[in-house]
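>>> next comes the sequence, and after it the predicted model I'd like to discuss.
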Amino acid sequence: MSFPKDFLWGGGISANQSEGGWNEGDKTPNLSDFQLGGSINKSRMATYKMPDGSYGKTPVFVESIELPKGAKLACIPGEFYPNHKATDFYHQYKEDIARFGEMGFKVLNLTLSWSRIFPNGIKKGINRKGVEYYHSVFAQCRKHGIQPLVHLYKYDMPAFYITEWGGWSNRDLINEFVDFAKTSINEFKDDVNYWSTFNEINIAQFAGVNNKEKIQKAYESLHNQLVASAKVVKHLHDNYPEKKIGCMVAGIFNYAYTCDPLDQILSQKALQDNFYYCADTFVRGQYPSYAKRLWDELGVKLKITEDDRVALMNGKVDFMEFSYYFCNVVTTHKEEMKNISGNILAGLKNPYIKVSDWGWAIDPKGLKFFLHEIYDRYQIPLFICENGLGAFDVLENDGRIHDKYRIDYLREHIKAMKEAVEEGVDLIGYTTWGCLDLVSLSTGEIRKRYGFVYVDVDDEGNGTYKRYKKDSFYWYKKVIESNGENID
């Protein structure tokens, strides 16, 4: 047995990283619209304005932000904000989706911008311009035989929810999100069969870092997201039982550095705390047994109501989604510590595998290992909705981009997927990340390219925004045509 004949091959993008059009179609700003490019400013910084007219900058981790008293998020004149135009999918989506259709995509993993659909909150009503835009996007998908997999949330809510409501730590946001999600599902019921509530929901756990107050707020936020997700799942199950819905978790996987039992226990604990904590909850409908241990260690106290418990149990997902880019290594042997970059958490250097230009460990064998681990744990269909290689691409004078390194990366990961499927794992889909070049969420860079389609723009916004097909474009087309058999 190889990949099933209805396997969902495709790619993924997100609204706030690719669309642009940040103030068009009656959309209001989200937090990323106030963030500067990381390659210019070394780290992701949001900008604000004080009552006296002065401007300032503050670090941002996803949606964790602290502004000085009296400050309002604002753009500094003359500064470059990469998400304002991103890679211009908002204006070029018809041509972009046609290219995805040319590759043979079965599915396009994308997000809805909450800021575009309910720009001023639920009470002030739906934005028909935003709704019609997404209807047009889905019409193009249908035209080219592509099914959308729609993620309802990826850090793209109106910014006032963060600055005026306090963000996800405010329980009132649960109902706002649920209403936004219900409206979206009802509105696009004829366009979308595969839904997902949150993208990398476990990222909320890491907003607090080592600050006790911030950690408490981060876990409150995550709890509210898990409850909101479950209520949306129940709405879909009650009203559209023929459709499927999941929730996505960032693939934060790790190995033990040695066979020291303490390292093995630490590896188990890291997987529980960073990955399974969320996945167990939205798959099984309740917090796992080790959650109390984690809360006690962090000093977290959650107010979990009976309504919350009922919602979680009644809102279990149909399929399990995760991202996979790299694996970490953990150890209790402090003298062995050698940090290596990662998507969210830094880990130890693994001496047995290579790394990318950004220091991310390239570990396709680890993908097979964790596919088995996850499937054996949950016994529901799996979907890899993000996987790919961020790299420096060079546009040659003849308009070609020779990205053999990306082909090599994807080939080995597809091999690992195929082996896992042949050994019994129920994997239903695979969408490579950033199939169209886009703005990096964590750094604001565009030069960190993932796509099969090159966008002519640099980290300062210079360029024509013209599209060019990379060598990997033609390679992935062959992979899809052969249902994963022709990967050479």
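It's in.
>>> from now on I want contacts and neighbour counts done on CA atoms only, so please keep to that.
Will do.
>>> okay, buried residues for stretch 22-35 please.
22, 25-35 (16 or more other CA atoms under 10 Å).
>>> farthest residue from the center of the protein?
Most distant residue from the mean C-alpha position of the chain: residue 52, 37.5 Å away (CA atoms, centre = their mean).
>>> per-residue pLDDT, residue 173?
Predicted confidence (pLDDT) for residue 173: 98.
>>> from residue 139, how far out is it?
For residue 173, the distance to residue 139 equals 31 Å [CA to CA, to the nearest Å].
>>> between those two, who's got more neighbours?
residue 173 (20 against 15; other CA atoms under 10 Å).
>>> my guess is the more buried one contacts residue 164, does it?
No. Taking contacts as CA atoms under 8 Å, residue 173 lies outside contact range of residue 164: 11.4 Å.
>>> what about stretch 50-62, how long is it end to end?
Stretch 50-62: ends 22 Å apart by CA to CA.
>>> picking that back up, and the residue farthest from the centre of the chain, that's in a strand?
No. Using DSSP: H, G, I helix; E, B strand; the rest coil, the assignment for residue 52 is coil, not a strand.
>>> from residue 15, how far out is the most centrally placed residue in the chain?
The centroid of the chain falls nearest to residue 199 when counting by CA atoms, centre = their mean (4.4 Å). The gap separating residue 199 from residue 15 is 12 Å, by CA to CA.
>>> which neighbours do these two have in common?
Counting by CA atoms under 8 Å, 6 or more residues apart in numbering, residue 199 and residue 15 have no common neighbour.
>>> and the helices in the protein?
38-41, 89-103, 114-117, 128-143, 160-163, 172-187, 212-239, 261-271, 277-284, 291-298, 306-314, 364-378, 404-422, 471-481 (DSSP state H).
>>> now these in a markdown table, with distance to residue 352?
Putting the helices of the chain into a markdown table (distance: least, CA to CA, whole Å) gives the following:
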| stretch | distance to residue 352 |
| --- | --- |
| helix 38-41 | 30 |
| helix 89-103 | 34 |
| helix 114-117 | 43 |
| helix 128-143 | 41 |
| helix 160-163 | 43 |
| helix 172-187 | 44 |
| helix 212-239 | 34 |
| helix 261-271 | 18 |
| helix 277-284 | 28 |
| helix 291-298 | 31 |
| helix 306-314 | 40 |
| helix 364-378 | 11 |
| helix 404-422 | 16 |
| helix 471-481 | 26 |
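>>> quick one: which of those helices is nearest residue 438?
helix 89-103 (9.2 Å; CA to CA).
>>> tell me the contacts of the residue nearest to the centre of the chain?
Taking CA under 8 Å, 6+ apart, one finds 151-154, 247-250 in contact with residue 199.
>>> ranking helices and strands of this structure by mean pLDDT, which lands last?
Sorting the helices and strands of the chain by mean pLDDT, DSSP states H and E puts strand 339-340 at the bottom, at a mean of 58.
>>> any low-confidence regions in the protein?
Along the chain, the model assigns pLDDT under 70 to residues 1, 38-42, 336-346.
>>> before we move on, back to that, how about JSON lines for the contacts of residue 199, with neighbour count and distance to residue 280 added?
Below are the contacts of residue 199 laid out as JSON lines (neighbours: other CA atoms under 10 Å; distance: CA to CA, whole Å):
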{"residue": "151", "neighbour count": "24", "distance to residue 280": "19"}
{"residue": "152", "neighbour count": "26", "distance to residue 280": "20"}
{"residue": "153", "neighbour count": "24", "distance to residue 280": "20"}
{"residue": "154", "neighbour count": "21", "distance to residue 280": "20"}
{"residue": "247", "neighbour count": "29", "distance to residue 280": "11"}
{"residue": "248", "neighbour count": "26", "distance to residue 280": "12"}
{"residue": "249", "neighbour count": "25", "distance to residue 280": "11"}
{"residue": "250", "neighbour count": "23", "distance to residue 280": "13"}
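>>> which two from those end up farthest apart in space?
152 and 250 (15.7 Å).
>>> so which of the contacts of residue 199 is the closest to residue 306?
Of these, the one sitting nearest to residue 306 (CA to CA) turns out to be residue 247, at 22.1 Å.
>>> residues contacting the closest one?
196-199, 201, 229, 282, 317, 319-321.
>>> just residue 100 next, same as before
residue 10.
>>> which parts of stretch 33-53 are buried?
33-39, 43-50.
>>> again with stretch 439-455
439-441, 443-455.
>>> may I have the distance across it, first residue to last?
Length of stretch 439-455, first residue to last, CA to CA: 11 Å.
>>> isn't residue 220 up against residue 302?
Yes. Under the criterion of CA under 8 Å, residue 220 lies in contact with residue 302, with a separation of 6.5 Å.
>>> which of the two has more neighbours?
residue 220 (23 against 12).
>>> how about that one: what's its closest non-neighbour residue?
Nearest residue to residue 220, sequence neighbours excluded (CA to CA, 6 or more residues apart in numbering): residue 169, at 5.3 Å.
>>> tell me how far the one you found lies from residue 225.
Here residue 169 is placed at a distance of 9 Å from residue 225 (CA to CA).
>>> of these two, who's got more company?
residue 225 (24 against 20).
>>> list the contacts for the more buried one?
Contact analysis of residue 225 by CA under 8 Å, 6+ apart lists 168, 174, 201.
>>> isn't the first one right up against residue 221?
Yes. Counting by CA under 8 Å, residue 168 does reach residue 221; the two are 4.6 Å apart.
>>> what separates residue 255 from residue 415, distance-wise?
Counting by CA to CA, the gap from residue 255 to residue 415 is 21 Å.
>>> neighbour count: those two, which is higher?
residue 255 (21 against 18).
>>> wait, the more buried one sits on residue 347?
No. Counting by CA under 8 Å, residue 255 sits too far from residue 347 to count as a contact (9.9 Å).
>>> what is in contact with the two at once?
Both residue 255 and residue 347 are contacted by 328-330, under the criterion CA under 8 Å, 6+ apart.
>>> my read: residue 476 touches residue 103, true?
Yes. Assessed by CA under 8 Å, residue 476 is found in contact with residue 103 at 6.9 Å.
>>> one step back: in TSV, list the contacts of residue 199 along with distance to residue 109.
As requested, the contacts of residue 199 are exported to TSV (distance: CA to CA, whole Å):
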residue	distance to residue 109
151	7
152	11
153	12
154	12
247	13
248	12
249	15
250	15
